[in-house]
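**Student:** Here is a sequence together with a model predicted from it:
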Amino acid sequence: MDNNVQLDLALMPKELKVLLELIKDDNDEYIHQHKSEWFTNMDWDYFLKLAMHHRIYPLVYLKVKEVAPELAPSHVLQTLQVEYQKNTFQMLHLSGEMERVSKLFTENQIRSLFLKGPAVAHDLYGDISLRTSKDLDVLVQKSDLEKAEELLLKHGYKNTQENITLNEKKGRNYHITYFHLRKKIEIELHWRLHPFPITQPTFNELWERKRNSNFTSYPVLILGSEDLFLYLSVHGARHGWFRLRWLKDIDQMLKQQFNSQQANFLQKKFRYYRMIGQALTLVNQLLSVEANKGIKILSKRNSKKLAQTAIFYIRRRTHSHINESKSLNNYHTRYLFLLMPPSRKILFILTLLYPSSKDQQVISLPNSLHFLYFPLRPFLWIWRKTVKLIKL
């Protein structure tokens, strides 16, 4: 790691800086030395909002209870405790369903890999209560997608994206969401790890490097260590690291034993060097983690620039997926463009012209004519904008 790299954190609020200290490892003595200073004039309501938004409240609760219970207001500790307990029950609930889905798919000859959720929480933290998950993400081979969907529907799940077009399934989309009303569980069924045009391993390549999570009585399979590190890095980068939980995952990942030479080979092969460099720069600067696993930063200049850009998302607690502001959408599009290696930038621009379900809402075509959405897209876009202006 280049020790000369210094990110500008001047606009980061005090409450966020304290949270970052609380989720670091092996710094209890440092916290004891500074806790009176840090917790004086703290905006505790804002502190709680940040802890909840960044999905790090389980770690924050345990650390505050251990090192500074006398300085935190009782309602803060109580709120953190309640949320910690709720998350533990949620993770246990998801664990049972994860095992059932794994068994269901296996018995029906569908190979599946769980990307996040309780199995990965156990793999990274050794304790499922220390990480949050709102849903289950499972990857299947694209040829098994229809069969997997039929099984989920048969067992009470509903497709929440029924308006997804055939073009989106074939092109830039990479998962469909299903929800079980009685169980209150959401499953994202993936057929790719990332949206197009991000390069990625084939399912068979991932399957060859798979691991058994050893967490449940029935086998639940997860990504190999190197693939998981790359997946978490790319996933966090795509979302601007607007949740610190993803950065903490990278911190935990770097403590594990995995083949750094293989990880370096894969980041070169799939051109992830900007995203990997960004992730390593952020964990170094924000969590004081040294990249001592032999993983190389192949694009130092871009890594620092992208890391600084991510501070905007971390500080703002938002990105375009949860805020429909036009200016923020444009900012995020430019940010994603910067993440792409030169060889993928043209393809990324083309994805912005790809037909979507919004086009289908304007004019509905049968599957056999979905190809017409491509030449019609400019006209449909103009039509949507015109209608929107008229309504205003």
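**Tutor:** Thanks, I have it.
**Student:** When you work out contacts or count neighbours from here on, use the C-alpha atoms and nothing else.
**Tutor:** Noted.
**Student:** quick one: secondary structure of I250?
**Tutor:** For I250, the assignment made with DSSP: H, G, I helix; E, B strand; the rest coil gives helix.
**Student:** can you check P69 too?
**Tutor:** Assignment for P69 (three-state DSSP): coil.
**Student:** measure it to Y61 for me?
**Tutor:** 10 Å (C-alpha to C-alpha, to the nearest Å).
**Student:** quick one: which of the two has more around it?
**Tutor:** It is Y61, of P69 and Y61, that has more neighbours when counted by other C-alpha atoms under 10 Å, with 24 against 15.
**Student:** can you give me phi and psi for F229?
**Tutor:** phi -60, psi -50 (degrees, to the nearest 10).
**Student:** Please, which helix or strand holds the closest residue to it other than its chain neighbours?
**Tutor:** The spatially closest residue to F229, leaving aside those adjacent along the chain, is M253, at 6.5 Å (C-alpha to C-alpha, 6 or more residues apart in numbering). Element membership for M253 (DSSP states H and E) is helix 244-254.
**Student:** so what does that helix touch, helix or strand wise?
**Tutor:** Helices and strands touching helix 244-254, by 3 or more C-alpha pairs under 8 Å, 6 or more residues apart in numbering; DSSP states H and E, are helix 117-125, helix 225-238, helix 273-287.
**Student:** next helix or strand past it?
**Tutor:** Per DSSP H and E, the first helix or strand lying C-terminal to helix 244-254 is helix 260-269.
**Student:** Quick check: which helices or strands does that next one pack against?
**Tutor:** Secondary-structure packing of helix 260-269 (3+ C-alpha pairs under 8 Å, 6+ apart): helix 225-238.
**Student:** what about the helix it packs on, average pLDDT?
**Tutor:** In this model, helix 225-238 has a mean pLDDT of 96.
**Student:** For it, what is the distance to the chain centroid?
**Tutor:** 9 Å (C-alpha atoms, centre = their mean, to the nearest Å).
**Student:** name the helices or strands packed onto that helix?
**Tutor:** Taking 3+ C-alpha pairs under 8 Å, 6+ apart as the contact cut, helix 225-238 packs with helix 244-254, helix 260-269, helix 273-287, helix 326-339.
**Student:** could you redo the last one with a cut-off of 7 Å?
**Tutor:** In terms of contacts (3 or more C-alpha pairs under 7 Å, 6 or more residues apart in numbering; DSSP states H and E), helix 225-238 is packed against helix 273-287.
**Student:** Helix or strand next in line after the helix it packs on, which one?
**Tutor:** helix 300-316.
**Student:** mean confidence score for stretch 304-314?
**Tutor:** Mean predicted lDDT for stretch 304-314 stands at 93.
**Student:** Any buried residues in that stretch, and which?
**Tutor:** Within stretch 304-314, the residues scored as buried using 16 or more other C-alpha atoms under 10 Å are K304, L306, A307, Q308, T309, A310, I311, F312, Y313, I314.
**Student:** Over to stretch 27-42?
**Tutor:** Of the residues in stretch 27-42, I31, K35, F39 count as buried by neighbour count, 16+ other C-alpha under 10 Å.
**Student:** Which element, helix or strand, includes the first one?
**Tutor:** Taking DSSP H and E as the criterion, the element that holds I31 is helix 28-39.
**Student:** Name the surrounding residues that touch that helix.
**Tutor:** With contact meaning C-alpha atoms under 7 Å, 6 or more residues apart in numbering, helix 28-39 is reached by V18, V67, L71.
**Student:** and the next element down the chain from that helix?
**Tutor:** Elements were assigned by DSSP H and E; along the chain past helix 28-39, the next helix or strand is helix 44-53.
**Student:** now the angle from that following helix to helix 244-254?
**Tutor:** Counting by axes from the mean of the first three to the mean of the last three C-alpha atoms, to 10 degrees, helix 44-53 lies at 60 degrees to helix 244-254.
**Student:** what does the domain assignment say about the protein?
**Tutor:** 95-223, 357-391 (automatic domain parsing).
**Student:** Going by mean pLDDT, which of these comes out lowest?
**Tutor:** domain 357-391 (a mean of 65).
**Student:** Tell me the spacing between the closest residue to P13 other than its chain neighbours and T281.
**Tutor:** In this structure, P13 finds its nearest non-sequential neighbour in R315, 7.6 Å apart by C-alpha to C-alpha, 6+ apart. Per C-alpha to C-alpha, R315 is found 17 Å from T281.
**Student:** Who has more neighbours out of these two?
**Tutor:** The neighbour comparison of R315 against T281 (other C-alpha under 10 Å) goes to T281, with 30 against 16.
**Student:** out of the helices and strands packed on helix 244-254, which comes closest to N204?
**Tutor:** Among these, helix 225-238 comes nearest to N204, with 12.5 Å by C-alpha to C-alpha.
**Student:** Now do that closest one: everything it contacts.
**Tutor:** Under C-alpha under 7 Å, 6+ apart, the answer for helix 225-238 is W246, M253, F258, N259, Q262, A263, M275, I276, A279, L336.
**Student:** again with stretch 120-137
**Tutor:** Around stretch 120-137, the neighbours that count as contacts under C-alpha under 7 Å, 6+ apart are 55, 58-59, 87-88, 91, 114-118, 185-189, 213, 249, 252-253.
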